[in-house]
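A.B. asks: mind folding the following:
(2 chains)
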Amino acid sequence: MKIATWNVNSLTVRLPQVLDWLQAQQPDVLALQETKVTDDKFPQDAFEAAGYRSAFFGQRTYNGVALLSRHPLESVQRNIPGFDDAQARMIAATVGGVRVIDTYFPNGQSPDSDKFAYKLHWLDALRAWVAAELQHTPRLVLLGDFNIAPEDRDVYDPVAWAGQIHCTPQERAHFQQLLGLGLIDAFRAFEQAPKSWSWWDYRNLAFRKNQGLRIDHILVSTALRPALLACSIDKTQRKNERPSDHAPVIAEFAL
DNA sequence: ATGACTCCCAGTGGGAGA
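C.D. replies: Reported below is the predicted structural model:
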């Protein structure tokens, strides 16, 4: 079983690439972020023709998440229960007995902004809910665009980024608290090349210079860890003519 | 370097992203 995540930065713009990628990679589940489409405009038929069911939760202009799956999507949950949120940032479903939680963490803008306070509150709510979900379904995957670079080795220039958004001690502490629930960073469960990123700024020829951050993650519960076979970032997508600024991350399981 | 790019909604510019 192959489970992947990809921030597509507008599904309207990226739909042809997503369809091509599904065809090439044949993931069982693909979690999308920043779809930026309302539910009435979600391209459900195009995915169905490609062999994928979908569950989606979007809004105009910003945010928006969706799950594509070759298998039935059960117990679909949109946004964090009990957390009043005007932004579409989470969708979860159970696929083959695995709870799959697709998240688009708030960006946070800068540590002194209201958006940063919102990010921290959102993280509190997410952690509490994921803890409860783990009790209910121990086989769980939490994946998506976390907008957190967990360690200095996940940042191309850790000195320049020290204390900046994505790299603040508060955000990194939250990431560690998520791991503390009984989750493993799938990418770091295997040997990886140094300077592995999942996002590169569109500006400054950042991709060509390999100046990026690793902020897209797949966290796997301890109950599912024995089945985890591999985890990788697909950099080839960034070489498209009109790429997303994020690359897909893929985890493979013996399931 | 106060920037650079891309997307969106807009409308001949500006906000947001990360």
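A.B. asks: mind listing the strands for the stretch 151-255 of chain A?
C.D. replies: Ranges of strands in the stretch 151-255 of chain A, per DSSP state E, counting those that start in this stretch, are A:183-185, A:199-200, A:212-213, A:216-221, A:228-233, A:249-253.
A.B. asks: please read the previous query as pertaining to the stretch 1-150 of chain A.
C.D. replies: In the stretch 1-150 of chain A, the segments counted as strands under DSSP E, counting those that start in this stretch are A:2-7, A:29-33, A:53-57, A:65-69, A:74-78, A:90-95, A:98-104, A:140-145.
A.B. asks: for the fourth one, packing partners?
C.D. replies: Put plainly, it is strand A:65-69. In terms of contacts (3 or more CB pairs under 8 Å, 6 or more residues apart in numbering; DSSP states H and E), strand A:65-69 is packed against strand A:29-33, strand A:53-57, strand A:90-95, strand A:98-104. Where you see a C-beta, it was placed from the backbone N, CA and C, and this is true even at glycine.
A.B. asks: of these, which is nearest A:G144?
C.D. replies: With CB to CB as the measure, strand A:98-104 is the member of the helices and strands packed on strand A:65-69 nearest A:G144 (3.8 Å).
A.B. asks: elements contacting that closest one?
C.D. replies: Packing partners of strand A:98-104 (3+ CB pairs under 8 Å, 6+ apart): strand A:2-7, strand A:29-33, strand A:65-69, strand A:90-95, helix A:114-136, strand A:140-145.
A.B. asks: please repeat the previous calculation with a cut-off of 7 Å.
C.D. replies: On a contact count with 3 or more CB pairs under 7 Å, 6 or more residues apart in numbering; DSSP states H and E, strand A:98-104 meets strand A:29-33, strand A:65-69, strand A:90-95, helix A:114-136, strand A:140-145.
A.B. asks: now distance to A:G144, mean pLDDT and mean neighbour count too, for the helices and strands packed on strand A:65-69, in JSON lines please.
C.D. replies: Formatted as JSON lines, the helices and strands packed on strand A:65-69 follow (distance: least, CB to CB, whole Å; pLDDT from 0 to 100; neighbours: other CB atoms under 10 Å):
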{"stretch": "strand A:29-33", "distance to A:G144": "5", "mean pLDDT": "98", "mean neighbour count": "28"}
{"stretch": "strand A:53-57", "distance to A:G144": "12", "mean pLDDT": "98", "mean neighbour count": "21"}
{"stretch": "strand A:90-95", "distance to A:G144": "8", "mean pLDDT": "98", "mean neighbour count": "25"}
{"stretch": "strand A:98-104", "distance to A:G144": "4", "mean pLDDT": "98", "mean neighbour count": "25"}
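A.B. asks: closest to A:H246 out of these?
C.D. replies: strand A:29-33 (8.0 Å).
A.B. asks: mind checking how far the residue nearest to the spatial centre of chain A is from A:S196?
C.D. replies: The geometric centre of chain A, computed from its C-alpha atoms, lies nearest to A:G144 (CA atoms, centre = their mean), at 0.9 Å. Separation of A:G144 from A:S196 (CB to CB, to the nearest Å): 18 Å.
A.B. asks: over to A:T38?
C.D. replies: 34 Å.
A.B. asks: how about the residues of the stretch 51-200 of chain A that lie near DNA strand B?
C.D. replies: Proximity of the stretch 51-200 of chain A to DNA strand B, by CB under 7 Å from any atom of the strand, involves residues A:60-62, A:106-107, A:109-110, A:115, A:145, A:147, A:165-166, A:199.
A.B. asks: if we use 10 Å, what do you get?
C.D. replies: Proximity of the stretch 51-200 of chain A to DNA strand B (CB under 10 Å from any atom of the strand) is limited to residues A:59-64, A:87, A:104-110, A:113, A:115, A:118-119, A:145-149, A:164-166, A:197-200.
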